[in-house]
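A.B. asks: Sequence plus the predicted model coming up.
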Amino acid sequence: MPTKRIEFPGHSGAMLAARLDLPEGPHVATALFAHCFTCGKDIPAARRISARLSALGIAVLRFDFTGLGHSGGEFANTSFTSNVDDLLAAHAYLSKQNMAPSLLIGHSLGGAAVLKAAATLDSVKAVVTIGAPFDPGHVTHNFADALAEIEEKGQAEVNLGGRIFSIGKGFLDDVAETKLAVATSRLNAALLVMHAPLDAIVGIENASEIFGTAKHPKSFVTLDGADHLVSRAEDAEYIASVIATWSERYLDIHRPAPPPGAPEGVLRVSEADPKGFLTDITSGDGHHLVADEPLAYGGTNKGLSPYGLLSAGLGACTSMTIRMYARRKQWPLAQVSVDVSHDKVHAQDAETGVGDKIDTWRRRIKLTGDLTQDQRARLLEIADKCPVHRTLERSSKVITELVEG
């Protein structure tokens with residue numbers, strides 16, 4: 001996943017630090033990601049979601065709000081409204097790069113901010129909130145014991161997640177006056193609300209209010225077992241895959257044609273989890289799947305193993321070849337199923353060295369329909385003529401070259 005480090009001026013003119021995660025393959029859409037209250041662009045949830053979306057062709061800009069992370073400016077002088085203005089500045093930056101975002105994603109208070117901002121952005125076709133509060137003032141419960149001091153002195157230092165932040169009275173006044181009901185009801189984009197039922201920071205009732213206020217098209221997905229910060233990798237991966245699938249219905253996505261000489265396009269395999277073996281596979285016009293290794297081999301078992309994918313190719317090709325032949329002959333074949341198993345066995349009769357093993361695939365083919373015995377026998381012969389079968393039986397050549405990263 002190529003990542004560009006960029007800067008652009010925020011609402012106050014201070015430079016905001018950002019990362020633009022770009023797809024390695026075709027760029028089909030752009031998303032803008034807003035992080036949670038006092039978090040940053042590099043929290044695990046933001047990184048993981050961005051990585052998964054970029055693997056699916058969606059470029060993602062994630063940035064630090066004013067006064068947070070690597071961005072300039074004073075956090076004490078910011079407010080919910082300034083966060084929205086920073087979002088608008090990020091949108092303006094992307095638009096100047098001819099990458100106007102059609103998808104906004106907001107986590108926690110960032111979710112409230114994207115709801116507010118989206119109402120003014122014509123390029124936005126879809127909005128996603130993750131654990132977002134319906135009332136931005138909800139965040140004040142994180143420093144409830146300091147509210148009196150802020151009211152009295154105009155500012156106070158609070159401890160949030162082990163870090164010290166200065167919260168000003170302007171922030172309190174702003175979130176108290178901000179109501180999302182009007183902006184949400186006027187949202188001119190599809191909405192996906194994602195929330196964990198047991199979220200201890202922002203209760204599930206917030207999701208109900210957002211969903212109830214918004215007009216269709218709208219969708220709700222529950223994040224069972226997830227915490228507010230989406231700290232587990234598997235939860236972030238699930239969120240990203242749902243967003244990618246859901247948003248394609250609403251985004252104006254045009255994937256390029258395959259390159260000349262490659263009728264099925266170029267299949268791209270990208271590492272999704274450098275600490276494990278989870279891998280994204282994209283091919284052709286929007287086809288996506290994942291590969292992994294079993295838990296026993298250090299993987300997370302979220303997809304077929306490489307040999308499982310080979311077996312799947314053999315089984316699918318076998319079924320298609322049989323169906324093609326039966327259709328041409330107009331035989332009454334109702335359904336084909338193919339069970340495939342793979343193993344490495346000692347090459348007893350093969351012309352190999354002592355102790356060598358060869359790959360063996362076993363197919364169990366079930367043909368349903370009012371077929372004669374001769375027809376069944378002929379279809380079994382046809383199974384051995386499937387192209388993948390022939391490829392596996394004969395020697396192949398793999399040409400490898402190193403590409404500059």
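C.D. replies: Sure thing, it's come through.

A.B. asks: C-alpha from now on. contacts and neighbour counts both.
C.D. replies: Will do.

A.B. asks: In a strand, A148, correct?
C.D. replies: No - inclusion of A148 in a strand is not indicated when DSSP: H, G, I helix; E, B strand; the rest coil is applied; the result is helix.

A.B. asks: Look at it and say how many residues are nearby.
C.D. replies: The burial count assigned to A148 is 12, neighbours taken as other Cα atoms under 10 Å.

A.B. asks: quick one: contacts for the closest residue in space to K215 that isn't next to it in sequence?
C.D. replies: Distance criterion Cα to Cα, 6 or more residues apart in numbering; nearest residue to K215, sequence neighbours excluded, is S185 at 6.1 Å. Neighbour list for S185: 213-215 [criterion: Cα atoms under 8 Å, 6 or more residues apart in numbering].

A.B. asks: Now these in JSON lines, please, with extra columns for neighbour count.
C.D. replies: Conversion of the contacts of S185 to JSON lines gives the following (neighbours: other Cα atoms under 10 Å):
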{"residue": "T213", "neighbour count": "18"}
{"residue": "A214", "neighbour count": "21"}
{"residue": "K215", "neighbour count": "16"}
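
A.B. asks: Out of these, name the ones that lie in helices.
C.D. replies: T213 (DSSP state H).

A.B. asks: is it possible to export the contacts of S185 to TSV including pLDDT and distance to G111?
C.D. replies: What follows is the contacts of S185, written out as TSV (pLDDT from 0 to 100; distance: Cα to Cα, whole Å):
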residue	pLDDT	distance to G111
T213	91	15
A214	91	14
K215	92	17
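
A.B. asks: Arrange the contacts of S185 in CSV, one row each, with distance to G168 as further columns.
C.D. replies: Rendered in CSV, the data for the contacts of S185 read as follows (distance: Cα to Cα, whole Å):
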residue, distance to G168
T213, 30
A214, 31
K215, 35
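
A.B. asks: contacting residues around the one helix or strand M320 maps to?
C.D. replies: Counting by DSSP states H and E, the element that carries M320 is helix 306-329. In this structure, residues lying in contact with helix 306-329 by Cα under 8 Å, 6+ apart are 291-293, 332-333, 336-342, 361, 363, 379, 382-389.

A.B. asks: Dump it to CSV, keeping only the CA atoms.
C.D. replies: Once non-C-alpha atoms are left out, helix 306-329 reads as follows in CSV (Å, rounded to 0.1, in the frame of the first residue of the first chain):
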residue,chain,number,x,y,z
PRO,A,306,-2.8,-21.2,-1.1
TYR,A,307,-3.3,-24.9,-1.7
GLY,A,308,-7.0,-24.4,-0.9
LEU,A,309,-7.2,-21.8,-3.6
LEU,A,310,-5.5,-24.2,-6.1
SER,A,311,-8.0,-26.9,-5.1
ALA,A,312,-10.9,-24.4,-5.5
GLY,A,313,-9.6,-23.6,-9.0
LEU,A,314,-9.6,-27.3,-9.9
GLY,A,315,-13.0,-27.9,-8.5
ALA,A,316,-14.6,-24.9,-10.2
CYS,A,317,-13.0,-25.6,-13.5
THR,A,318,-14.1,-29.2,-13.4
SER,A,319,-17.7,-28.2,-12.6
MET,A,320,-17.7,-25.6,-15.4
THR,A,321,-16.3,-28.0,-18.0
ILE,A,322,-18.8,-30.7,-17.2
ARG,A,323,-21.7,-28.1,-17.4
MET,A,324,-20.5,-26.7,-20.7
TYR,A,325,-20.4,-30.2,-22.3
ALA,A,326,-23.8,-31.3,-20.9
ARG,A,327,-25.4,-28.0,-22.0
ARG,A,328,-24.0,-28.4,-25.5
LYS,A,329,-25.3,-32.0,-25.7
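
A.B. asks: Quickly run through the sheet partners of the helix or strand just after that helix, with directions.
C.D. replies: Towards the C-terminus, the helix or strand next in line after helix 306-329, according to DSSP H and E, is strand 333-346. When sheet partners are counted by DSSP bridges, strand 333-346 sits next to strand 357-369 (antiparallel).

A.B. asks: And the strand it pairs with, what's buried?
C.D. replies: By neighbour count, with 16 or more other Cα atoms under 10 Å as the criterion, the buried positions of strand 357-369 are 361, 363, 365, 367.

A.B. asks: That strand versus helix 306-329: what angle between them?
C.D. replies: Relative orientation of strand 357-369 with respect to helix 306-329: 40 degrees, computed using axes from the mean of the first three to the mean of the last three Cα atoms, to 10 degrees.

A.B. asks: G313 - how many residues pack around it?
C.D. replies: If you count neighbours by other Cα under 10 Å, G313 ends up with 14.

A.B. asks: roughly how far apart are it and S283?
C.D. replies: 14 Å (Cα to Cα, to the nearest Å).

A.B. asks: Give the helix, strand or coil label for the one residue sitting closest to the centre of the chain.
C.D. replies: For the chain, the residue lying nearest the average C-alpha position, counting by Cα atoms, centre = their mean, turns out to be A240 (2.4 Å). In three-state terms, and counting by three-state DSSP, A240 is helix.

A.B. asks: what does V60 give?
C.D. replies: Put simply, V60 is strand when judged by three-state DSSP.

A.B. asks: Distance-wise, check it relative to A51.
C.D. replies: Remark: distance between V60 and A51 (Cα to Cα) = 8 Å.

A.B. asks: Double-check the residue nearest to the centre of the chain against L56; I have them as touching.
C.D. replies: No - contact status for A240 versus L56: not in contact, 9.5 Å apart, counting by Cα atoms under 8 Å.

A.B. asks: shared neighbours, V60 and A51?
C.D. replies: Contact criterion Cα under 8 Å, 6+ apart; residues bridging V60 and A51 by contacting each: D21.

A.B. asks: if we can go back for a sec, flag every buried residue along the helix holding M320.
C.D. replies: Residues of helix 306-329 classed as buried by neighbour count (16+ other Cα under 10 Å): 308, 310-312, 314-319, 321-323, 326.

A.B. asks: G10: what's it in contact with?
C.D. replies: Contacts of G10 were listed using Cα under 8 Å, 6+ apart, and they are 16, 66, 85-86, 89-90.

A.B. asks: and if you look at A59?
C.D. replies: With contacts defined as Cα under 8 Å, 6+ apart, A59 is in contact with 20-23, 27-31, 50, 53.

A.B. asks: now those in a markdown table, with secondary structure and distance to F8?
C.D. replies: Supplementary listing: those in a markdown table, determined by DSSP: H, G, I helix; E, B strand; the rest coil; distance: Cα to Cα, whole Å:
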| residue | secondary structure | distance to F8 |
| --- | --- | --- |
| L20 | strand | 12 |
| D21 | strand | 16 |
| L22 | coil | 17 |
| P23 | coil | 21 |
| H27 | coil | 22 |
| V28 | coil | 23 |
| A29 | strand | 21 |
| T30 | strand | 17 |
| A31 | strand | 17 |
| S50 | helix | 19 |
| L53 | helix | 23 |
